[in-house]
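Peer 1: This is a predicted model, with the sequence first.
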Amino acid sequence: MPVIRTLTKVAKQALLSTHGCGCQPLTVAVRKISFSPRQVTSDASFHSVSFSETDHPKVLITGGLGQLGVGLAKLLRKRFGKNNVILSDIRKPPSSVFHSGPFIYSDILDYKNLREIVVNNRITWLVHYSALLSAVGEANVALARSVNITGLHNILDIAAEHGLRLFVPSTIGAFGPSSPRDPAPDLCVQRPRTIYGVSKVHAELMGEYYQHRYGLDFRCLRYPGIISADSMPGGGTTDYAVQIFHDAIKTGKFECNLKPDTRLPMMYIDDCLRATLEVMEAPADTLSMRTYNINAMSFTPEELAQELQKQMPELEVTYDIDPVRQAIADSWPMNFDDSNARKDWGWKHDYDLPELVQTMLNSFGADTRMVHAS
Ligand SMILES: NC(=O)c1ccc[n+]([C@@H]2O[C@H](COP(=O)([O-])OP(=O)(O)OC[C@H]3O[C@@H](n4cnc5c(N)ncnc54)[C@H](O)[C@@H]3O)[C@@H](O)[C@H]2O)c1
Ligand SMILES: C[C@@H](O)[C@H](N)C(=O)O
């Protein structure tokens, strides 16, 4: 590829001018030079902006209006200050979000616009949440390929060019039917059968490649299905585990689109967002790898319903299986081995199934009483 050829030439020239003999391995020289994988000319002068240890990061979150972004912004703003965390998306923010801190329009398919945002706001950390999830991805493969793969390429190049610390979430969906399922370790066969999963394996590999090749500070967690009370999921296979709370409280009934014995790894949103902050703050030398599984609990729809029924005995759960979602779920791990995250940077979850159910019901207030009474 011409870009790679140009980069190799630049790297070789830099190597020769710095070390004379040029006897160091090329990869070492490449890591030391903060050049961009895109838009590099042979006479470009490379420099990186340095920040003092006490500076807070300046964070940009892409795809920030989905299930996870607003909660992450809240957590990061508490830690780094309101104005140091910018939420972005292509959708119009609700007024509560718009008034809670900086929000900006950003389409990750628009490379120049992304670069302008990073430069003008002196961004140092990028959290890349934009994606099409597993079920909506299967319904629109072309768009999923574009957002999840082309969009990621833009993000990687911007991050490498501007020396950003980059977080890209991966997922249980990055595994497939030939992966070990109970539990899935960090390193094993990954042959997912969805465009979502394929794009996430691609993201893991590209991020790690950019880390080795260009010194990009890439960090990635494979999230389980995430459960939250005040934000709705964006079209995934694990959505049922959020919807059940809404329907239980509103109507006392829930129709599940997965079979009662479909076991999947799940996590309460607070654990997920805290893990994200923790891995972003972890000193680089504690990270023996750049893509980690994180785990909390693992349950089936039947087990979740039973836990809910302890507090809402009248809850009726029926099953009407969605074949697309069921096939996806059947190809995913039932459990995650996250021992490397626990060992390397001290990952520890707070919420198991009983605490999750209690916390979700508490978030919905006293509404459970209405169902009990009806
Ligand atoms: N929620 C989960 O259970 C879960 C589990 C594993 C991994 N993840 C990952 O975490 C990240 C966030 O997940 P989420 O649940 O908040 O997703 P979501 O589907 O709720 O939100 C994704 C956001 O991306 C935005 N988006 C779409 N196209 C865009 C574009 N061209 N430019 C900019 N933004 C665009 C959408 O408007 C949306 O707000 C995703 O990468 C997802 O793969 C989520
Ligand atoms: C698991 C995760 O990646 C997402 N919630 C999905 O089901 O697609």
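Peer 2: Thanks, I have it. Ligands and ions are numbered 1, 2, ... in the order given.

Peer 1: can we go C-alpha only for contacts and neighbour counts from here?
Peer 2: Will do.

Peer 1: Any residue of the longest strand seen in the chain touching ligand 1?
Peer 2: Identified as the longest strand of the chain according to DSSP state E is strand 217-223. Yes. Applying C-alpha under 6 Å from any ligand atom, one finds strand 217-223 in contact with ligand 1 at Tyr223.

Peer 1: could you point out which element follows the helix or strand of the chain with the lowest mean pLDDT?
Peer 2: Of all helical and strand segments in the chain, the minimum by mean pLDDT, DSSP states H and E falls on helix 26-32, at a mean of 33. For helix 26-32, the following helix or strand on the C-terminal side (DSSP states H and E) is strand 59-62.

Peer 1: Show me what that next one is packed up against.
Peer 2: Judged by 3 or more C-alpha pairs under 8 Å, 6 or more residues apart in numbering; DSSP states H and E, strand 59-62 is in contact with helix 69-80, strand 85-89, strand 125-128.

Peer 1: quick one: strands adjacent to the longest strand of the chain?
Peer 2: strand 165-167 (parallel), strand 170-171 (parallel), strand 291-293 (parallel) (DSSP bridges).

Peer 1: Find me whatever residue is spatially closest to Glu217, sequence neighbours aside.
Peer 2: Slight slip there: residue 217 is Asp, not Glu. Spatially, and ignoring its direct neighbours in sequence, Asp217 is nearest to Arg165 (4.9 Å; C-alpha to C-alpha, 6 or more residues apart in numbering).

Peer 1: Could you pull up phi and psi at Pro354?
Peer 2: phi -60, psi -40 (degrees, to the nearest 10).

Peer 1: What's the separation between the closest residue to it other than its chain neighbours and Gln358?
Peer 2: Using C-alpha to C-alpha, 6+ apart and skipping the chain neighbours, the partner closest in space to Pro354 is Glu307 (6.8 Å). According to C-alpha to C-alpha, to the nearest Å, Glu307 stands 9 Å off from Gln358.

Peer 1: again with Pro265
Peer 2: For Pro265, the distance to Gln358 equals 18 Å [C-alpha to C-alpha].

Peer 1: out of the two, which sits in the more crowded spot?
Peer 2: Ranked by neighbour count (other C-alpha atoms under 10 Å), Pro265 and Gln358 place Pro265 first, with 24 against 14.

Peer 1: Which strand residues bridge that one?
Peer 2: Bridge pairing for Pro265 - DSSP bridges - gives Ser298.

Peer 1: Would you mind finding the longest helix in this protein?
Peer 2: helix 195-214 (DSSP state H).

Peer 1: what packs against that one?
Peer 2: helix 26-32, helix 134-139, helix 141-145, helix 151-161, strand 170-171, strand 217-223.

Peer 1: re earlier: wait, the residue nearest to Asp217 touches Trp125, no?
Peer 2: Yes. Between Arg165 and Trp125 there is a contact under C-alpha atoms under 8 Å: 4.7 Å.

Peer 1: out of the two, which sits in the more crowded spot?
Peer 2: Using other C-alpha under 10 Å, the more surrounded residue of Arg165 and Trp125 is Trp125, with 22 against 19.

Peer 1: what residues are up against that one?
Peer 2: Contact analysis of Trp125 by C-alpha atoms under 8 Å, 6 or more residues apart in numbering lists 57-60, 164-167.

Peer 1: and which of the residues you listed is nearest to ligand 2?
Peer 2: Using C-alpha to the nearest ligand atom, Phe167 comes nearest to ligand 2 of those, at 15.3 Å.

Peer 1: How about the helix or strand just after the longest strand of the chain and ligand 1, any contact?
Peer 2: Counting by DSSP H and E, the next helix or strand C-terminal to strand 217-223 is strand 225-227. Yes. Residues of strand 225-227 contacting ligand 1 under C-alpha under 6 Å from any ligand atom: 225-226.

Peer 1: List of residues touching strand 225-227?
Peer 2: Contacts of strand 225-227 (C-alpha under 8 Å, 6+ apart): 171-172, 238-239, 241-242, 264-269, 272.

Peer 1: Out of the residues you listed, flag the one nearest to ligand 1.
Peer 2: Top of the list for closeness to ligand 1, among the contacts of strand 225-227 and by C-alpha to the nearest ligand atom, is Thr171 at 4.2 Å.

Peer 1: what residues does the stretch 51-200 of the chain put near ligand 2?
Peer 2: When proximity is defined by C-alpha under 6 Å from any ligand atom, the stretch 51-200 of the chain lies next to ligand 2 at 133-134, 171-173.

Peer 1: Pick the one among those residues closest to Ala144.
Peer 2: Nearest to Ala144 among those is Leu133, at 8.1 Å by C-alpha to C-alpha.

Peer 1: my guess is that closest one contacts Pro233, does it?
Peer 2: No. Assessed by C-alpha under 8 Å, Leu133 is found out of contact with Pro233, at 9.2 Å.

Peer 1: Run a quick neighbour tally on Glu255.
Peer 2: Residue neighbour count, defined by other C-alpha under 10 Å, stands at 16 for Glu255.

Peer 1: my read is it is in a strand, agree?
Peer 2: Yes. The assignment for Glu255 (DSSP: H, G, I helix; E, B strand; the rest coil) places it in a strand.

Peer 1: gap between it and Met312?
Peer 2: Per C-alpha to C-alpha, Glu255 is found 16 Å from Met312.

Peer 1: For Phe167, list the residues it contacts.
Peer 2: 125-128, 218-220, 280.

Peer 1: Tabulate those residues in a markdown table, adding columns for distance to Val97 and pLDDT.
Peer 2: Output for these, formatted as a markdown table (distance: C-alpha to C-alpha, whole Å; pLDDT from 0 to 100):
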| residue | distance to Val97 | pLDDT |
| --- | --- | --- |
| Trp125 | 20 | 98 |
| Leu126 | 19 | 98 |
| Val127 | 18 | 99 |
| His128 | 18 | 99 |
| Phe218 | 28 | 98 |
| Arg219 | 26 | 98 |
| Cys220 | 26 | 99 |
| Met280 | 23 | 98 |
